[in-house]
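Colleague: test case, fold it:
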Amino acid sequence: MNYLFVAFGGMLGAVARYFCVSVLADKSTSFPFSTFVVNILGCFLIGGLSEFFAIKAHLPQEARIFLITGFLGAFTTFSTFGLDAVGLINKFAFLHMLVYVSSSVILGICSIYAAGFVVRRLFL
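Modeller: I've put the predicted structure just below:
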């Protein structure tokens with residue numbers, strides 16, 4: 001049954017990602033802004049949800065599987081991040097690639113931490 005929660009969450013996450021990337025897409029820049037925003041938002045959401053589920057341990061495990069594994073697993077993607085980085089290398093946009101990779105990793109981790117902090121303040 002858990003596979004269905006992952007599958008349905010993944011379907012919705014993939015559609016949400018496609019929508020966000022479509023709205024944020026800017027072909028005039030060499031920086032992969034839409035993937036960057038989606039991944040940082042996904043990090044913030046996974047940080048907040050993980051902390052929320054840790055605090056509210058009585059919530060059904062299916063909700064966690066649906067939201068974190070399914071929805072956010074499909075919403076964010078490391079493979080697109082890697083593909084964008086290689087695309088910047090192939091365009092000889094080394095500075096853009098360095099900024100993209102380092103800011104994605106640093107801001108992603110900071111977003112997870114910040115969301116957990118916010119949730120702890122709200123629910124503890």
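
Colleague: tell me which stretches of the chain form helices.
Modeller: Counting by DSSP state H, the chain has these helices, from start to end: 2-24, 33-55, 61-64, 73-75, 78-90, 94-123.

Colleague: how far out from the middle of the chain is the last one?
Modeller: The offset between the C-alpha centroid of helix 94-123 and the centroid of the whole chain comes to 10 Å, using C-alpha atoms, centre = their mean, to the nearest Å.

Colleague: for the residue of the chain positioned farthest from its centre, grab phi and psi.
Modeller: Ranked by distance from the centre of the chain (C-alpha atoms, centre = their mean), the top residue is residue 92, with 26.4 Å. Here is the backbone geometry of residue 92 (degrees, to the nearest 10): phi 60, psi 30.

Colleague: how far away is it from residue 30?
Modeller: Going from residue 92 to residue 30 by C-beta to C-beta, to the nearest Å gives 10 Å. For the C-beta atoms, the positions are set from N, CA and C on the backbone; glycine is no exception.

Colleague: one more: residue 54?
Modeller: Using C-beta to C-beta, residue 54 is found at 39 Å from residue 30.

Colleague: what does residue 16 give?
Modeller: From residue 16 to residue 30 the distance is 25 Å (C-beta to C-beta).

Colleague: more neighbours: these two, which one.
Modeller: Neighbour tally, residue 16 and residue 30, criterion other C-beta atoms under 10 Å: the higher count belongs to residue 16, 17 against 13.

Colleague: the more buried one against residue 70, yeah?
Modeller: No - the criterion here is C-beta atoms under 8 Å, and residue 16 misses it with residue 70 at 11.3 Å.

Colleague: what residue is smack in the middle of this structure?
Modeller: Short answer for the chain (C-alpha atoms, centre = their mean): residue 42, at 2.4 Å.
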